[in-house]
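Colleague: Here is the input, now give the coordinates:
(one chain, ligands or ions: 1)
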Amino acid sequence: MLELHIQKSLGDFALDIQAEAPAGVTVIFGPSGSGKTSVVNAVAGLMRPDQGRIAIGDRVLFDRAQRVNLPVNQRRVGYVFQDARLFPHLSVRRNLHYGGDHDATRVISVLGLEPLLDRRPAGLSGGERQRVALGRALMCDPQVLLMDEPLAALDAGRKAEILPYIERLRDEVKIPILYVTHDVSEVARLANTLLVMKQGRVVTQGPVGDVLSHPGTVPLVGVRAAGAVIVTKVAGRLLDDGLTELAFSGGRLLMPGNLGVLGQKVRLRIPAQDVILAREAPRDVSALNVLPVTISGIEQGRGPGVAVGLLAGQDRLLARITQRSLHRMNLDVGQQIYAIIKATAVGPEDVGH
Ligand SMILES: Nc1ncnc2c1ncn2[C@@H]1O[C@H](COP(=O)(O)OP(=O)(O)OP(=O)(O)O)[C@@H](O)[C@H]1O
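Modeller: Sure, this is the predicted structure:
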């Protein structure tokens with residue numbers, strides 16, 4: 001567990017956060033200038049807080065009261081920036097060893113770096129370069145990994161190539177990973193924990209599914225980012241029409257594409273704006289997914305929109321509808337209704353493992 005208590009004045013800007021990041025990916029999400037990079041820099045030792053404490057388990061990196069401030073090279077922190085920052089004149093193998101002497105075989109295997117080892121950075125794609133940078137950051141056997149918008153400079157194709165490696169890393173390397181991004185599909189694919197920042201403060205934090213599907217989160221993350229993240233299992237593949245059947249606590253969902261082998265875990269982001277609500281189970285409707293749900297919360301927005309929190313089994317979903325529909329349908333907390341999800345609403349970028 002990474003414990004963060006950071007206070008810092010930077011000109012007119014004040015950073016003041018108290019947060020915890022367990023093993024797995026904690027995404028720091030928030031608008032530009034909200035202080036995300038400053039948090040990451042404080043953990044790396046590149047920025048010294050005015051007050052606070054930063055510790056990994058019982059290993060203290062910074063504690064103002066105890067006058068502890070470990071230098072960067074003693075922190076055992078791996079840092080991956082937006083640009084890979086590799087040494088252009090060194091091979092991938094030598095770039096990796098620049099990061100440290102830890103278990104290279106494992107790092108190379110987790111990140112699939114074997115075929116790249118003798119190449120130089122100039123001959124690699126942007127995604128491959130970031131994979132090498134990630135490998136280099138792991139070579140010091142870090143106790144925490146910091147990734148500051150590592151995919152921001154990549155196009156959609158290169159992003160799709162590297163995301164499965166980061167998923168694998170998340171599931172195999174049991175350390176806290178702080179991951180800064182603006183991109184909600186990266187949140188859906190990677191985050192275990194979500195920490196939302198605004199103007200130097202943490203406005204909400206918790207397991208990603210709980211935070212993103214909470215009706216109150218909509219104004220904090222924006223209407224496009226709001227929605228559920230649920231973990232399902234492949235329950236069957238319907239070869240003839242190209243759909244995969246997924247099971248979760250709320251029932252079964254049909255989604256397009258081959259999403260994995262039987263029993264495989266699939267994470268899905270279901271955007272709030274793509275969930276339709278109905279009082280009765282609809283008949284003759286084109287949407288394939290109709291789930292019985294219970295309304296768990298309603299949050300009125302400032303505009304014409306309303307966020308409706310839903311319980312489907314033990315999982316949470318979120319719908320964004322208009323106030324007009326809310327009143328017309330007489331919806332209220334505790335009611336049992338139906339959520340309708342179009343199979344095509346969930347894009348490939350919203351599906352992870
Ligand atoms: N050394 C500094 N001196 C003065 N102000 C600073 C300094 N470093 C950062 N700031 C200010 O602190 C605020 C937070 O910056 P930070 O880079 O942490 O935000 P961010 O959320 O990472 O933004 P972005 O998403 O644009 O990278 C900004 O207003 C920035 O101008």
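Colleague: Which of the residues in stretch 343-351 are classified as buried?
Modeller: Residues of stretch 343-351 classed as buried by neighbour count (16 or more other C-beta atoms under 10 Å): Ala343, Ala345, Val346, Glu349, Asp350, Val351. Any C-beta I mention is one placed from the backbone N, CA and C, and that applies to glycine too.
Colleague: residues near Arg324, how many?
Modeller: 10 (other C-beta atoms under 10 Å).
Colleague: typed the wrong thing, it's Asp50
Modeller: Neighbours of Asp50 (other C-beta under 10 Å): 13.
Colleague: cool, and Arg67?
Modeller: So Arg67, with other C-beta under 10 Å, has 7 neighbours.
Colleague: And the lengthiest helix in the chain, what's buried?
Modeller: As assigned by DSSP state H, the longest helix anywhere in the chain is helix 156-172. Residues of helix 156-172 classed as buried by neighbour count (16+ other C-beta under 10 Å): Arg158, Lys159, Ala160, Glu161, Ile162, Leu163, Tyr165, Ile166, Glu167, Leu169, Arg170.
Colleague: can you list contacts of the next helix or strand along the chain from that helix?
Modeller: Downstream of helix 156-172, the next assigned helix or strand under DSSP states H and E is strand 176-180. Contact with strand 176-180 is made by 1-2, 21-28, 36-37, 39-40, 43, 56, 144-150, 169-170, 186, 190-191, as judged by C-beta atoms under 8 Å, 6 or more residues apart in numbering.
Colleague: Recalculate using a threshold of 6 Å.
Modeller: Contact partners of strand 176-180, identified using C-beta atoms under 6 Å, 6 or more residues apart in numbering, comprise 2, 21, 23, 25-28, 36, 40, 144-149.
Colleague: Strands - which of the residues you listed land there?
Modeller: Secondary structure from DSSP state E places Leu2, Ala21, Val25, Thr26, Val27, Ile28, Val144, Leu145, Leu146, Met147, Asp148 of the contacts of strand 176-180 in strands.
Colleague: okay, the buried residues of helix 156-172 in TSV with distance to the ligand and pLDDT next?
Modeller: Formatted as TSV, the buried residues of helix 156-172 follow (distance: C-beta to the nearest ligand atom, whole Å; pLDDT from 0 to 100):
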residue	distance to the ligand	pLDDT
Arg158	20	86
Lys159	18	88
Ala160	23	87
Glu161	24	87
Ile162	20	90
Leu163	20	91
Tyr165	24	90
Ile166	19	92
Glu167	23	91
Leu169	22	90
Arg170	21	91
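Colleague: Now Ser34, what are its backbone angles?
Modeller: Taking degrees, to the nearest 10, you get phi -80, psi -10 for the backbone angles of Ser34.
Colleague: which residues touch it?
Modeller: Applying C-beta under 6 Å, 6+ apart, the residues near Ser34 are Met197, Lys198.
Colleague: okay, now Leu70: neighbour count?
Modeller: 16.
Colleague: what about the closest residue to Gly313 other than its chain neighbours, how many residues close to it?
Modeller: Nearest residue to Gly313, sequence neighbours excluded (C-beta to C-beta, 6 or more residues apart in numbering): Ser249, at 3.0 Å. By other C-beta under 10 Å, the residues close to Ser249 number 12.
Colleague: quick one: Ser249 and the ligand, what's the gap?
Modeller: Separation of Ser249 from the ligand (C-beta to the nearest ligand atom, to the nearest Å): 35 Å.
Colleague: Touching, that residue and Arg316? I think so.
Modeller: No - using C-beta atoms under 6 Å, Ser249 is not in contact with Arg316; the gap is 10.1 Å.
Colleague: ok, for Leu259, nearest residue in space, not its chain neighbours?
Modeller: Thr244 (4.1 Å).
Colleague: now swap in Pro142 and tell me
Modeller: Gly78 (3.7 Å).
Colleague: check contacts around that neighbour.
Modeller: If you count contacts by C-beta under 6 Å, 6+ apart, then Gly78 has Ala137, Leu138, Pro142, Leu145 around it.
Colleague: what about 8 Å?
Modeller: The contact partners of Gly78, by C-beta under 8 Å, 6+ apart, come to Gly99, Ala137, Leu138, Cys140, Pro142, Val144, Leu145, Leu146.
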